[in-house]
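[1] sequence unknown, structure follows:
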């Protein structure tokens with residue numbers, strides 16, 4: 001027949017073919033009826049309230065001590081389980097707990113007798129460790145292991161612990177008052193030091209802030225100078241580049257210079273106005289201020305006249321230079337034209353001269369007839385021979401024109417009739 005048990009108990013099978021008996025902690029086993037016997041033993045944890053009343057300590061002071069112990073039969077250790085089976089087989093959990101409790105109480109009393117009340121009360125951990133150590137070594141032989149032991153309560157009927165508490169309380173209160181006074185004194189001292197450090201830090205901070213402000217202003221001024229310089233250089237470069245790019249004619253350049261002079265005059269006038277306002281704001285005595293203002297106004301007027309005269313002279317000079325440049329350019333062009341004409345005359349000689357004379361004949365005729373054109377009234381008297389009227393006037397002009405070849409021949413040595421025949 002199969003028997004089973006949970007993990008909180010153990011089975012012991014004895015009888016036929018079971019020597020020594022078979023111990024099974026939590027499991028199953030087959031048992032032959034009639035020839036084999038099965039018994040069970042509990043492996044549950046037992047909680048024991050170990051009380052020792054009126055036990056005399058080393059100094060003869062009776063105290064009552066209560067401890068809590070947790071213990072159980074160790075089923076995983078075969079030797080301890082075998083010892084527990086020999087000691088407690090057939091006993092209930094209550095009987096096993098009573099035996100263990102008596103053993104623990106005996107050890108607890110023995111340890112209390114070797115200690116003073118102060119040692120038990122002040123160092124409970126040490127007391128618990130000693131009881132646990134002594135009781136464990138004894139209960140192991142019974143197959144029982146002590147899981148834990150804790151001191152729960154210590155008291156006495158003679159108010160011994162209460163008296164110790166009063167003395168300690170008084171000492172603590174005394175130390176507390178002394179400590180409070182010292183703390184107040186130290187707090188006042190620290191507060192004074194803190195206030196002093198605060199004021200020092202504040203002054204130092206203000207000094208550092210002033211230095212930082214000074215450094216900032218100095219650096220800012222230097223940076224402003226550098227920025228303004230670069231800006232001015234950039235603006236001047238831009239103006240120069242614009243002037244180069246646009247390639248204005250010479251007259252426009254002159255006009256720009258005239259405008260610049262005018263701007264300088266305007267700046268001088270603005271400077272004069274500013275100085276007038278500065279004089280009006282800063283002088284101490286009205287009479288001196290008025291005198292000083294009149295002198296500066298006269299000086300400014302003189303400077304203005306000088307600047308205007310200089311600007312006008314500069315303008316006249318530039319205009320003269322422009323006219324001179326134009327005359328020079330015209331002269332160079334005419335000279336170049338004359339050179340080319342001279343080269344043409346040298347090449348074509350009489351033919352070129354005749355060609356030129358023929359081109360100029362209409363102009364010469366025009367110039368000859370101009371006096372007649374300007375005459376308001378012409379009175380003609382006929383002698384009875386020749387033409388009369390407008391034809392007579394035209395004939396006079398043509399007669400003059402027929403005399404031109406002889407004049408040219410006398411001046412240049414070139415006979416027009418021969419030159420034209422050679423050319424033809």
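    It's in. Here the structure is a predicted model, which is why all the values come from computation and not from measurement.
[2] ok, which stretches of the stretch 1-150 of the chain are helices?
    Assigned helices in the stretch 1-150 of the chain, in chain order: 78-88, 93-113, 117-122, 124-139 (criterion: DSSP state H, counting those that start in this stretch).
[3] With the stretch 151-300 of the chain instead?
    Going by DSSP H, counting those that start in this stretch, the stretch 151-300 of the chain shows helices at 160-246, 250-282, 286-348.
[4] Kindly reformat those as a markdown table and extend each row with mean pLDDT and mean neighbour count.
    (C-beta placed from N, C-alpha, C; glycine too.) As requested, the helices of the stretch 151-300 of the chain are exported to a markdown table (pLDDT from 0 to 100; neighbours: other CB atoms under 10 Å):
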| stretch | mean pLDDT | mean neighbour count |
| --- | --- | --- |
| helix 160-246 | 80 | 10 |
| helix 250-282 | 79 | 13 |
| helix 286-348 | 76 | 12 |
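[5] Switch the ones you listed over to JSON lines; also include distance to residue 118.
    Converted to JSON lines, these look like this (distance: least, CB to CB, whole Å):
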{"stretch": "helix 160-246", "distance to residue 118": "7"}
{"stretch": "helix 250-282", "distance to residue 118": "95"}
{"stretch": "helix 286-348", "distance to residue 118": "102"}
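[6] how about those, which one is nearest residue 146?
    helix 160-246 (27.3 Å; CB to CB).
[7] Next up, the contacts around residue 120.
    57, 63, 65, 112, 127, 151, 154 (CB atoms under 8 Å, 6 or more residues apart in numbering).
[8] swap that for residue 81, please
    10, 23, 25, 73, 74, 75, 143.
[9] Among these, find me the one that's closest to residue 233.
    residue 74 (99.7 Å).
[10] That closest one contacts residue 144, correct?
    Yes: contact criterion CB atoms under 8 Å: residue 74 and residue 144 qualify, at 7.4 Å.
[11] overlap in contacts of those two?
    80, 84.
[12] Neighbour count: those two, which is higher?
    Neighbour totals were compared for residue 74 and residue 144, and residue 144 leads with 25 against 19 (other CB atoms under 10 Å).
[13] Pairing partners for the residue lying closest to the more buried one once chain neighbours are set aside in the sheet, please.
    Distances taken as CB to CB, 6 or more residues apart in numbering place residue 71 nearest to residue 144, at 5.4 Å, with adjacent residues excluded. Going by DSSP bridges, residue 71 is paired in beta bridges with residue 46, residue 146.
[14] Residue 71 and residue 145 touch, don't they?
    Yes: taking contacts as CB under 8 Å, residue 71 lies within contact range of residue 145: 6.5 Å.
[15] Neighbour count: those two, which is higher?
    Neighbour totals were compared for residue 71 and residue 145, and residue 71 leads with 25 against 17 (other CB under 10 Å).
[16] Distance of the more buried one relative to residue 124?
    Using CB to CB, to the nearest Å, residue 71 is found at 20 Å from residue 124.
[17] thinking again about what came up before, mind listing what the residue nearest to residue 144 touches?
    Counting by CB under 8 Å, 6+ apart, residue 71 makes contact with 45, 46, 48, 100, 139, 144, 145, 146, 147.
[18] So which of the contacts of residue 81 is the closest to residue 216?
    Distances from residue 216 to the contacts of residue 81, taken by CB to CB, are shortest for residue 74, at 82.8 Å.
[19] Distance of that closest one relative to residue 232?
    101 Å.
[20] Kindly tell me how buried the residue nearest to residue 6 when sequence neighbours are not counted is, as a neighbour count.
    Of all residues not flanking residue 6 in the chain, residue 26 sits nearest, at 6.0 Å (CB to CB, 6+ apart). Around residue 26 there are 15 other residues, counting by other CB under 10 Å.
[21] Run through the residues that contact residue 26.
    5, 6, 7, 8, 9, 10, 43, 75.
[22] Filter those residues down to the buried ones and hand me the PyMOL line.
    The PyMOL selection below is limited to those of the contacts of residue 26 classed as buried (16 or more other CB atoms under 10 Å):
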select buried, resi 5+9+10+43+75
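[23] can the contacts of residue 26 go into a markdown table with extra columns for distance to residue 251?
    Compiled in a markdown table, those are given as follows (distance: CB to CB, whole Å):
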| residue | distance to residue 251 |
| --- | --- |
| 5 | 129 |
| 6 | 125 |
| 7 | 121 |
| 8 | 124 |
| 9 | 129 |
| 10 | 130 |
| 43 | 126 |
| 75 | 126 |
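[24] what's the closest of the contacts of residue 26 to residue 272?
    Taking these together and measuring to residue 272 by CB to CB, the closest member is residue 7, at 116.3 Å.
[25] which ones are touching the closest one?
    Residue 7 makes contact with 25, 26, 43, according to CB under 8 Å, 6+ apart.
[26] just to revisit the earlier point, how much space separates the residue nearest to residue 6 from residue 75?
    On the measure of CB to CB, residue 26 and residue 75 end up 7 Å apart.
[27] what sits in contact with each of these two?
    10, 43.
[28] still on that earlier bit, any shared contact partners between residue 71 and residue 145?
    residue 139.
[29] one step back: which among the contacts of residue 71 end up buried?
    Applying 16+ other CB under 10 Å to those flags 46, 48, 100, 139, 144, 145, 146 as buried.
[30] Let me know the closest of these to residue 301.
    Of all these, residue 301 sits closest to residue 146, with 122.7 Å by CB to CB.
[31] Tell me the pLDDT of the closest one.
    Here, the pLDDT recorded for residue 146 equals 85.
[32] Also residue 377?
    68.
[33] do residue 424 as well
    51.
[34] One more: residue 61?
    82.
[35] what's the answer for residue 98, then?
    90.
[36] List the residues that contact it.
    Counting by CB under 8 Å, 6+ apart, there are no residues that residue 98 touches.
[37] For residue 155, see how far away it is.
    Distance from residue 98 to residue 155, by CB to CB: 25 Å.
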